[in-house]
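S.K.: Show me the folded form of this:
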Amino acid sequence: MSLFLTDACKRWLGSLVIASIESALAQTDAHCPEPSASLSDEERASVTTELGSFVTLKILDMLRGCIGSIIGVEPLYKNVWRMARQAAFSDPRFAPLSKNEWPRCSAEISVLSKPTVCPDLKAIEIGKHGLILQYGGRSGVFLPQVPIEQGWNLSQYLDHLCLKAGVPVGSYKKEGAVLYYYDATVFPVER
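M.R.: Purely as a prediction, here's the structure:
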């Protein structure tokens, strides 16, 4: 089950993405700020819960960086701050984000629920559930929005998950394979 985040929480987490990336571009020694006093006690509790998150950057709807952590090992707000910097400057698929690119970037945050073992493939809902496959010492993960963006049905989703994990298609059915699912609260960063 996803964590409920109010609009105020989403705006504040979005402001962290912007501050994290802009301070790194400016090469200032900025640190992640503590939760805003404008948030209620319940909202502060939400953003300090240990949950995983992904930050996705795009330019003209083309991926420009996406880094995240599946499992929360730190407060959500600190994770979002760190993932923003990693998506911008440490995604191995891309050169570090430049000052010239930043104004053209859009950003999205995905806050992940805690993954649980998927009890049955029929329980997976396209667009609602992200998947993690672990098999043969390898793993692959997709956010819930990926199969929608790619136009995949469930079979294609599972096949591409195997490929992403670097294992043969259909490996999710093999003995020793573990398929986890989770849901995510996904929202754009307002600039």
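
S.K.: Is it correct that Ile109 is in contact with Tyr77?
M.R.: No. Counting by Cβ atoms under 8 Å, Ile109 does not reach Tyr77; the two are 10.8 Å apart. All C-beta spots, glycine's among them, are computed from the backbone N, C-alpha and C.

S.K.: what residues are shared contacts of these two?
M.R.: Common neighbours of Ile109 and Tyr77 (criterion: Cβ atoms under 8 Å, 6 or more residues apart in numbering): Leu13.

S.K.: Would you tell me which helix is longest in this structure?
M.R.: Longest helix in the chain, counting residues (DSSP state H): helix 7-25.

S.K.: tell me the contacts of the nearest residue to Ala19 once chain neighbours are set aside?
M.R.: In space, Ala19 comes closest to Ala30 once its chain neighbours are excluded; the distance is 6.7 Å by Cβ to Cβ, 6 or more residues apart in numbering. Contacts for Ala30 were tallied using Cβ under 8 Å, 6+ apart; they are Ala19, Ser20, Ser23, Ala24.

S.K.: and the residues you listed as TSV, adding pLDDT?
M.R.: Shown next, in TSV, are these (pLDDT from 0 to 100):
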residue	pLDDT
Ala19	97
Ser20	97
Ser23	97
Ala24	97
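
S.K.: Let me know the helix or strand that Glu149 is in.
M.R.: helix 145-150 (DSSP states H and E).

S.K.: ok, residues contacting whichever helix or strand comes after that helix?
M.R.: Next helix or strand after helix 145-150 toward the C-terminus (DSSP H and E): helix 154-165. Residues outside helix 154-165 that contact it (Cβ under 8 Å, 6+ apart): 121, 124, 126, 131, 133-135, 138-142, 146-147, 150, 152, 168-172.

S.K.: Of those residues, keep whichever come out buried.
M.R.: By neighbour count, with 16 or more other Cβ atoms under 10 Å, the contacts of helix 154-165 hold 124, 131, 133-135, 139-142, 146-147, 152, 171-172 as buried.

S.K.: contact partners of the helix or strand hosting Arg85?
M.R.: Applying DSSP H and E as the criterion places Arg85 in helix 76-89. Contacting residues not belonging to helix 76-89 are listed as 3, 12-13, 16-17, 19-21, 24, 32, 35, 46-57, 65-69, 72-74, 96-97, 102, 107, 109, 111 [Cβ under 8 Å, 6+ apart].

S.K.: How about stretch 55-70?
M.R.: With Cβ under 8 Å, 6+ apart as the test, stretch 55-70 has contacts from 17, 52-54, 79-80, 83-84, 86-88, 90-91, 93-94, 97, 101, 104-110, 112, 115, 132, 141, 143, 182.

S.K.: Could you list the buried residues of stretch 98-116?
M.R.: Quick answer for stretch 98-116 (16+ other Cβ under 10 Å): Glu101, Trp102, Cys105, Ala107, Glu108, Ile109, Ser110, Val111, Leu112, Ser113, Pro115.

S.K.: Using the three-state scheme, assign the closest residue to Glu50 other than its chain neighbours.
M.R.: Excluding its sequence neighbours, the residue lying closest to Glu50 (Cβ to Cβ, 6+ apart) is Gly72, at 3.7 Å. The three-state label given to Gly72 by DSSP: H, G, I helix; E, B strand; the rest coil is coil.
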